[in-house]
Each structure stands twice: as C-alpha cells, then as structure tokens.
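Visitor: Any chance you could fold what I've pasted below:
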Amino acid sequence: MRSTLQAPRPRRRPRPARAAAGALALVLAGTAAPVLLAAPAHAAGPAAPVAYVANAGRGTVTAVDTATQQVRQIAVGADPARVAASADGRHVYVTDHAGGSVSVIGTDTGAVLGAIATGGASQAVAVSPDGARLYVGDWGGPGRISVIDTAAGTVTTTVPVGATVEDAAVSPDGASLYLTQAQGVTVVDTLTNTVAATLALPGSPRQVAFAPDGKHAYVTEYDAGVVAVIDTAARAVSGEIGVYAGADGVAVAPDGAHAYATSALGPTVTSVDTATGRTAAVVETPDQPGALALTPDGAQLWVANPVNDYLTVVDVATAAVTGHVHAGDHPVDVTVAAPAPPAPPAQADLAVALNAAAVPALLGGRIDYTLTVTNRSTTTTAAGTVSTAITPGGLTPTPVAPGCTAAPGKVTCTVTGLAPGATATRTFSLPVALLSLGTAYKATATRIAATPADPNPANDSASRGCTALTALIINCG
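Guide: Numbering: from 1, shown residues only. The predicted structure is shown next:
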C-alpha cells in the first residue's frame, strides 16, 4: 500500500550535523556482519572508468579514478546540480542551477570545453544514447525541457512539461525521455518532442533508470520508500518494490539482473533481483546516501553522500563497502564514465599528380615535368616524400627544383609543412637526344613516405609517357 505522505522536498536537503564515519554493517539474507571501511586501492593498470561528482557547495566536479581513487577537481558553474556522461565516455555534462547553463567537460583532458546557456534553472540532465542530444530539465517555474544539439552546442527546442523536473533518463533506444516530477513521471517522445504520457506516482518520485533492454524503468519514491517499476511498452506502473524510507538514487546493472536503490533515511543501499522483485542484499551506510552510479562492468557502486562529503564504494559481488573517497563539498550527484576510446591516429591523404610537357628544340630539346602533391586532409598538416622513376634509366634529370635531388633514372622530392587543402609543386626536366629515333620516355611518381600516415594508397602514384623521334619532334600523351 502506498504512503500518502507528500511533504514537499527542497532541492537540497538540510545538512545535519556530521556523523563519525565508523564501521559499516552489511545485512545479507537477514544476517548482520560488521564490515570496516577498507583503505583505497592503488593498483596500476589500463585506463579505468572515472566517477564524476557534482559538488553543490563548491562549484566543482570531482573526478575520481575508480581504480586508483586519485582525485582531481574541475571548476564548473557556481551551483552544480546534476551530472551525466555520454555513452562513449568522451564528454561529461554538468548542470548549473544558478547559472542556467550546462558545462561540457572533455574527459580526455579534464578541461571544461564550454558552457551551453539554457535560460532556466538547469537541474536534471540526460544524454541520448548516440550522444547527439542533451536534455536539460528546469527546476521551478512552469517546467520545461531544453533539447540541445551537442555538436552545435545550442538549444534547438524546448518542451513544456508543466512542473519542476527532478531527474531525467533517456530510454536505451533513444525514443523516450522519462522525467520525475513532484507527483509522477512524464514521458516525452523524443522524435516529436511532445509529452506522450503522464504516470501518477504520489510517493514523491526522485530518480529514474532504465533496464538495459528498455522494457522497464525504475523510479524511486522518497516518501513511500519504494521503487516503482514501469512497463515502458504499456506506459504504466506494473509493480513496486519496498526498500527503505527516503528512497533516492537508482541504478540498474548492465545485465539487467539487479536494480540498486539508496535510502537516505535507512541509511542503506538495497540490491533488488529484477526477475523476482525481491531484495537480494542490503548494505548499510552512514548518514544519508543519495545518488549512485555503477561502473560500466557492473562491479562497483559509487554512492554520493552529501552529508559527509564523500563517495562510498560498494563491491557488488560481495555486497560490501570497500572504502570511501572524499569528494568535495556537498556531492549531490554522481555518474561513472567509461574510459573514452583513444583518439584515432592522425592521418593525411597526400594525392600525387604528374604532368609532362614537351619543349622541342634543335639544341636542348627536353621534357618538363611538374609534380603536384595535395594534402586532402581538412585538419592535419602533412609532409611527404615522392620518388619519380624515369626510363631510360641512364638519364639524369636537370635542372631540378629546390627540395628535389636527382640521380640517374630517379628524382626524389620532399614536401614539408603542407597545410590542410594546400598544394605544393616541384619541377624537373629531362633532356631529349637530338636523334632519339622513337625513344619512349616514362616517368612514374610514387609517394614513398608520409607524416602522418596516408590512409589512401589509391592516389599515391601517377605516370606520364612521352615519345621522341628527334629533339624537334616530341609527343607527350
């Protein structure tokens, strides 16, 4: 039976006196056992996921390496409220409640790349699965969602939703946006950017998370102390799971087998078997746990505690607290970003072209060659070396342009500092004998080196042929 208590929730709960961080207790299958906080691990290894924590009291985001637990602070807007990461791990978005904007953090450098103005008291934030769109919900006022084109960094449209937005999540297929609000959940169709449904949840909805297959959404209800289960196909509440009073943060395992919910008044983190709806484990934590996030492999839970300014780390397999990390000042939200894939190596396509022009003369007849190298890249400066093989092989081209060297049957030219889209030319000449008697002359220019790598071998070579009867009769095709 639902609780009818509907006391209004302030955006941030008052901070009670700090409690001593003593031993944490584990309750599993009804048996209590003491578990002490472990020292942070410092194992070396490949890049690990990073937890990003919005610190409402300091105007910063704390970035924590989940393997080494090393911490760095990133200055953002004055009043961080919510934080979300793109699926590829390249960007983290932080709403600034007071500034009416969203800060964009590049995870490769940890630097703020810029801020996107929304014009409202930015609160909830969610990223589409493809990273192309960002959804930001306002706190207070008539209630609206700003839809942001992440590539352009601009608001493309707004969606009125009627009330303050507490939290937001995009379905795995990107088709629906679920919003928690004071009395229920609003579903927005992301194709049309219109409200598609509203679901009444009177127990003070807080946060929302989707199952990986998108068939269910899980919503914590603070006053009711439950997790509501929503059938997304029917857009209806299909059940609820009792946790503890003050249900707040929620996350779903990557395999969908378990959902996790914090209870600020427990204070606990509850693991729920999603197939049966039964409690699998309960981890007791000090003070008031709030938002939580899973590492991409589902092995750890990182739980924000705004009272004592730290993150609690829970090992999912053992349902035990393994440590805590000081996060900042009043950490109100947390997300864990997968390590961003390494940037692709720089490349530049150098295209080679060769032209031959006959210069007949009784004395000094010759063939003039013009070698052209074009940098087809739009972003990268390039350098390269082109070797031109000439037949008959005993002839030495002369004169040759600066940047080229000549030897019997060969000219080697180097191009450096070639800007994107730019072209460089090199020239050289081949003397033609007075009585050539149908001699065939052929020059084949081939790129033999490039910096950075050239991804397109199709345009790395060019040839030109000429035939001479005499120095006065030269034909170049």
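
Visitor: in the sheet, who's paired with Gly137?
Guide: Assessed by DSSP bridges, Gly137 has beta-bridge partners Ala124, Ile145.

Visitor: Report how many residues lie close to it.
Guide: Using other C-beta atoms under 10 Å, Gly137 has 33 neighbouring residues. Every residue, glycine included, has its C-beta placed from N, CA and C.

Visitor: What residues does it make contact with?
Guide: Contacts for Gly137 (C-beta atoms under 8 Å, 6 or more residues apart in numbering) come out as 122-125, 143-146, 161, 164-168, 179.

Visitor: so what's it scoring on pLDDT?
Guide: Here, the pLDDT recorded for Gly137 equals 95.

Visitor: what residue is smack in the middle of this protein?
Guide: Closest to where the C-alpha atoms of the chain average out (C-alpha atoms, centre = their mean) is Arg90, at 2.5 Å.

Visitor: Name the nearest residue to that residue, ignoring sequence neighbours.
Guide: Leaving out its chain neighbours, the residue that sits closest to Arg90 by C-beta to C-beta, 6 or more residues apart in numbering is Ala340, at 4.6 Å.

Visitor: who's in contact with the one you found?
Guide: Contacts of Ala340 by C-beta under 8 Å, 6+ apart are Asp88, Gly89, Arg90, Thr107, Asp108.

Visitor: one more time with 6 Å
Guide: Residues in contact with Ala340 (C-beta atoms under 6 Å, 6 or more residues apart in numbering) are Gly89, Arg90, Thr107, Asp108.

Visitor: which of the residues in stretch 348-357 are buried?
Guide: Within stretch 348-357, the residues that qualify as buried are Ala348, Asp349, Leu350, Ala351, Val352, Ala353, Leu354, Ala356, counting by 16 or more other C-beta atoms under 10 Å.

Visitor: ok, Ala124 to Ser429 distance?
Guide: 71 Å (C-beta to C-beta, to the nearest Å).

Visitor: out of those two, which sits in the busier spot?
Guide: Taking other C-beta under 10 Å, Ala124 and Ser429 do not tie; Ala124 has more neighbours (27 against 19).

Visitor: what's the distance between the more buried one and Cys466?
Guide: Using C-beta to C-beta, Ala124 is found at 72 Å from Cys466.

Visitor: same thing with Ala247?
Guide: According to C-beta to C-beta, Ala247 and Cys466 sit 84 Å apart.

Visitor: cool, Gly59 as well?
Guide: Counting by C-beta to C-beta, the gap between Gly59 and Cys466 amounts to 72 Å.

Visitor: now swap in Val83 and tell me
Guide: Relative to Cys466, Val83 is positioned 68 Å away (C-beta to C-beta).

Visitor: who's more crowded, these two?
Guide: Per other C-beta under 10 Å, whichever of Val83 and Cys466 has more neighbours is Val83, with 28 against 21.

Visitor: distance of the residue nearest to that one when sequence neighbours are not counted from Gly141?
Guide: Spatial nearest neighbour of Val83, chain neighbours left out: Ala54 (4.5 Å); criterion: C-beta to C-beta, 6+ apart. Remark: distance between Ala54 and Gly141 (C-beta to C-beta) = 21 Å.

Visitor: who's more crowded, those two?
Guide: Remark: of Ala54 and Gly141, Ala54 carries more neighbours, 34 against 10, as counted by other C-beta under 10 Å.

Visitor: now Val332: how far from Thr66?
Guide: Val332 is 19 Å from Thr66, where distance means C-beta to C-beta.

Visitor: on contacts alone, who are the packing partners of whichever helix or strand Asp333 is part of?
Guide: According to DSSP states H and E, Asp333 maps onto strand 331-337. Counting contacts by 3 or more C-beta pairs under 6 Å, 6 or more residues apart in numbering; DSSP states H and E, strand 331-337 packs against strand 50-55, strand 80-85, strand 292-294, strand 300-305.

Visitor: How far does that strand sit from its chain's centre?
Guide: The chain centre lies 15 Å from the centre of strand 331-337; the measure is C-alpha atoms, centre = their mean, to the nearest Å.

Visitor: for the record, mean pLDDT for it?
Guide: Summarised as a single mean, pLDDT over strand 331-337 is 95.

Visitor: What are the structural domain limits within the chain?
Guide: 24-337, 350-476 (automatic domain parsing).

Visitor: Deepest in the core, which of those is it.
Guide: Highest mean neighbour count of those: domain 24-337, a mean of 20 (counted as mean count of other C-beta atoms under 10 Å).
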